[in-house]
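K.L.:
coords below, sequence missing:
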């Protein structure tokens, strides 16, 4: 004989699993968003560095 959970406990277990999956997906999306924001900051920083380098070259002339 299999040891089966009552129907309400089985449903609760399934809902818990679904909730965990949704939470994990949310965490993944948050991580991706943070990575994209960091990439954008890096691009902005690189653009600022290039702009400053051009200004320094003009000042040295």
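P.N.:
Great, that's in hand. Predicted model only: the values in this text are computed from it and were never measured. Residues are numbered from 1 along each chain as shown.
K.L.:
Which residue would you name as the spatial centre of this protein?
P.N.:
Closest to where the C-alpha atoms of the chain average out (Cα atoms, centre = their mean) is residue 31, at 1.5 Å.
K.L.:
Pull up the gap between it and residue 19, please.
P.N.:
19 Å (Cβ to Cβ, to the nearest Å). Every residue, glycine included, has its C-beta placed from N, CA and C.
K.L.:
Report the secondary structure element holding the residue nearest to the centre of the chain.
P.N.:
helix 7-60 (DSSP states H and E).
K.L.:
where does this protein dip in pLDDT?
P.N.:
1-3, 5 (pLDDT under 70).
K.L.:
again, only using 50
P.N.:
1 (pLDDT under 50).
K.L.:
quick one: contacts for residue 48?
P.N.:
Counting by Cβ atoms under 8 Å, 6 or more residues apart in numbering, residue 48 makes contact with nothing.
K.L.:
For residue 25, see how far away it is.
P.N.:
If you go by Cβ to Cβ, the gap between residue 48 and residue 25 works out to 35 Å.
K.L.:
what's the burial count for residue 51?
P.N.:
10 (other Cβ atoms under 10 Å).
K.L.:
For residue 57, see how far away it is.
P.N.:
11 Å.
K.L.:
Likewise for residue 22?
P.N.:
Counting by Cβ to Cβ, the gap from residue 22 to residue 57 is 53 Å.
K.L.:
Same question for residue 10.
P.N.:
Counting by Cβ to Cβ, the gap from residue 10 to residue 57 is 71 Å.
K.L.:
Could you do residue 36 as well?
P.N.:
Taking Cβ to Cβ, one finds residue 36 at 32 Å from residue 57.
K.L.:
before we move on, what about residue 47?
P.N.:
Residue 47 is 16 Å from residue 57, by Cβ to Cβ.
K.L.:
go on, residue 32?
P.N.:
38 Å.
K.L.:
try residue 46
P.N.:
For residue 46, the distance to residue 57 - Cβ to Cβ - is 17 Å.
K.L.:
Then residue 25?
P.N.:
48 Å.
K.L.:
One more: residue 49?
P.N.:
Taking Cβ to Cβ, one finds residue 49 at 13 Å from residue 57.
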